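Asks: Coordinates for the following, if possible.
(one chain, ligands or ions: 1)
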Amino acid sequence: MSTINSNPLPQQVWPAEFAERYRAAGYWRNETFGAWLRERATAHPDRIAVVGGDQRWSYAELDRRASALAAGFLQAGLQRGDRVLVHLPNIPDFIGVVMGLFRAGLIPVYALPAHRITEIEHFAKGSGARAYVGAATHAGFDYRTLARELRGRCPWVEHVWISGEAEEFAALDTLYATDGAALPATVSQGSDVAFLQISGGSTGLSKLIPRTHDDYIYTLRESARICGLGPDSVFLGALPIAHNFPMSSPGFLGTLYAGGRVVLSPAPDPETAFALIERESVTVTSLVPPLLLQWLDLAPKARQDLGSLRTIQVGGAKLSAEVARRVRPVLGATLQQVFGMAEGLVNYTRLDDPDEIIIHTQGRPISPADEILILDDEGRPVEPGQAGHLLTRGPYTIRAYHDNPSANARSFTEDGYYRTGDVVRMTPEGYLEVQGRAGDHINRAGEKISAEEIEDHLLSHPQVFDAAVVSVPDEYLGERSCAFIIPKDGKPRPVELKQWIRGRGVADFKVPDQIVFVERFASTAALKISRKALRADLRAQLLAQQDAQGN
Ligand code: OOB
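Replies: You can find the predicted model right below:
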């Protein structure tokens, strides 16, 4: 048996006076995932909890499955506190597995279905995960191949479970047959870390975000209330549910917390989703802006009845007011803008806000205890209504990443504020308007891409002398990525470079959308020392050129 486990047990600690305040205010109630699932299953066992593919699980069935998996994971040798990579698409097994891990006191590490070996290896190293749970295949990709490679590269990942045809690996289905009836509903405390979420990764590779039962369940409870969820709510998981937005804002977890029904869509496109909305009478879903555009385009032509939809949430990237305005007339539902981050802070427009607020702002914080600072470049508070850097701390915003002192030093102030990297302004009513990002990342249809990470992949190509990756406004994606390349030893073809990046085993959304060859970068010495300035300069040149072409 090989373990690295120099990797520490994940923790998330707020200073004592803050923790006491959050408990006294009733935000943190020492609730745990394992316990509330059991409570729901006892209160309404026969109500349907999860629908996906040809499966329909009641609350009792989900609870039984969670216990069976929990027992199975423990019998296989996993121990409380061990990390488990969860790499599953939108299928009921995703929910079964995470609920099973919670019940056993095991810690899921969420990966997106689009992630490939490079990202998964990084999460396996960063978390010290001892197990991997993946799908057999999804959207044309074979996760068993990835699992084989992972086992080779990270031998401390001792266990692999596969949903579907498992080949040489253990089948998740056999775990469901374990008798878990004797397991307690929970072994955790509210202050324990429940899971590791992944960051958007503004510099370099993604960081791991430890979230506690206390802090995350607080967001579920409040999100469900703010979004008006209850037993009659039917949530459609259209975006990948491993992402924080469809997971908890209020997402599938908030829906289950409120006793509603979760319907899982295998893909987010409107053709697939509309059929499910009609069949299951879906009332609420969450989308990123480019998907909303597709939905708005198809809705007037669609044959399906979308009349059950009450709320369309949009977030992950900036929604334009023009598009926002079309939601109610075209989809017949109330728009809710959501501006959040996996590190914590989530803002919502409220369902009964005036149209002008819903259309023009990205909402206000969940909690009265969310502290917001908007600072200028020198770190001084801006005048009311002016734009500045958003910093925040509060009862569900982390104080530290997992096992990453250098990122922690960069991302948090001494008094515990998280530097979001977003530039915002606050309206007189206390709502936030997102103006942009200070950091060098690309927000491609809600997927965050680190410029630095892609530059590193490009630099590994033998014909790349230097590379700088920037974001460019894009009509459909919001932003797309453009790589500026100084070639050497002859010029590689753009397709070759894209193929090269894919070949490095990274998520497809990170492959540059556009490649521009240049002879050299900046001429001034100043630009040579700062990649940030270089990227800004290249971006400005590209935009000026596009403007000149009337583009
Ligand atoms: C959500 O979470 P992440 O961690 O993938 O990305 C966070 C970043 C924010 O810092 C901001 O730059 C951007 O995504 N963002 C938005 C936005 N919502 C997120 N930018 C403009 N307008 C919005 N509405 O993306 C996330 C997590 C929970 C709920 C919703 C989104």
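
Asks: So K448: helix, strand or coil?
Replies: Using DSSP: H, G, I helix; E, B strand; the rest coil, the secondary structure recorded for K448 is strand.

Asks: isn't it right up against I442?
Replies: Yes: contact criterion CB atoms under 8 Å: K448 and I442 qualify, at 7.4 Å. Backbone N, C-alpha and C define where each C-beta goes, glycine included.

Asks: can you list the residues of the stretch 51-200 of the chain near the ligand?
Replies: Taking CB under 6 Å from any ligand atom as the criterion, the stretch 51-200 of the chain approaches the ligand at residues G200.

Asks: Please apply the same query to the chain.
Replies: So far as CB under 6 Å from any ligand atom goes, the chain lies against the ligand at 200, 244-245, 249, 315-318, 337-342, 346, 362, 420, 422, 434, 437, 443, 446, 448.

Asks: Among the residues you listed, which ones are in helices?
Replies: N244, F245 (DSSP state H).

Asks: The residues of the chain next to the ligand in strands, which ones?
Replies: Those of the residues of the chain next to the ligand mapping onto strands are 315, 337-341, 346, 420, 422, 434, 437, 443, 448, per DSSP state E.

Asks: where are the low-confidence patches of this protein?
Replies: Within the chain, the stretches with pLDDT under 70 are 1-5, 201-203, 523-529, 551.

Asks: again, 90 this time
Replies: 1-7, 200-205, 436-441, 520-538, 541-542, 545-551 (pLDDT under 90).

Asks: Can you name the residue of it nearest the ligand?
Replies: Proximity of the chain to the ligand (CB to the nearest ligand atom) peaks at G340, 2.6 Å away.

Asks: Quick check, that residue in contact with N244.
Replies: Yes: shown here, G340 and N244 form a contact pair, counting by CB under 8 Å, at 6.7 Å.

Asks: for the stretch 251-400 of the chain, what spans make up the helices?
Replies: For the stretch 251-400 of the chain, the helices defined by DSSP state H, counting those that start in this stretch cover 251-257, 270-280, 289-298, 321-331, 355-360.

Asks: hmm, who's touching the shortest one?
Replies: Right, the one you point to is helix 355-360. Under the contact criterion CB atoms under 8 Å, 6 or more residues apart in numbering, helix 355-360 has outside partners A321, A324, R325, T334, L335, Q336, Q337, T349, T427, E429, Y431, E433.

Asks: Doesn't V86 lie inside a strand?
Replies: Yes: with three-state DSSP as the criterion, V86 is located in a strand.

Asks: quick one: the nearest residue to it once chain neighbours are set aside from L78, how far?
Replies: Sequence neighbours aside, P108 is the residue nearest to V86 in space, at 4.6 Å (criterion: CB to CB, 6 or more residues apart in numbering). If you measure P108 against L78 using CB to CB, to the nearest Å, the figure is 12 Å.

Asks: The two: which is more packed in?
Replies: Using other CB atoms under 10 Å as the criterion, P108 and L78 rank with P108 on top: 24 against 21.

Asks: what's the helix or strand for that one?
Replies: Per DSSP states H and E, P108 falls inside strand 107-110.

Asks: How far away from the center of its chain is that strand?
Replies: The chain centroid and the centroid of strand 107-110 are separated by 12 Å under CA atoms, centre = their mean, to the nearest Å.

Asks: which element follows it toward the C-terminus?
Replies: Following strand 107-110 in sequence order, the next helix or strand is helix 117-127 (DSSP H and E).

Asks: can you tell me which residues contact M99?
Replies: Taking CB under 8 Å, 6+ apart, we find M99 in contact with F33, G34, L37, L62, D63, R65, A66, L69.

Asks: Out of the residues you listed, the closest to D305 would be?
Replies: For the contacts of M99, the minimum distance to D305 (CB to CB) is 28.2 Å, reached by L62.

Asks: Let me know the secondary structure of the nearest residue to that closest one once chain neighbours are set aside.
Replies: If the residues on either side of it in the chain are set aside, L62 comes closest to A49, at 4.7 Å by CB to CB, 6+ apart. What three-state DSSP gives for A49 is strand.

Asks: pretty sure L205 contacts E453?
Replies: Yes: the pair L205 and E453 passes the contact test of CB under 8 Å, sitting 5.7 Å apart.

Asks: which of these two has more neighbours?
Replies: A count of neighbours by other CB under 10 Å puts E453 above the other of L205 and E453, at 21 against 18.

Asks: Does the more buried one lie in a helix or a strand, and which?
Replies: Using DSSP H and E, E453 maps to helix 451-459.

Asks: do R502 as well
Replies: Using DSSP H and E, R502 maps to helix 494-503.

Asks: now swap in D63 and tell me
Replies: helix 59-75.
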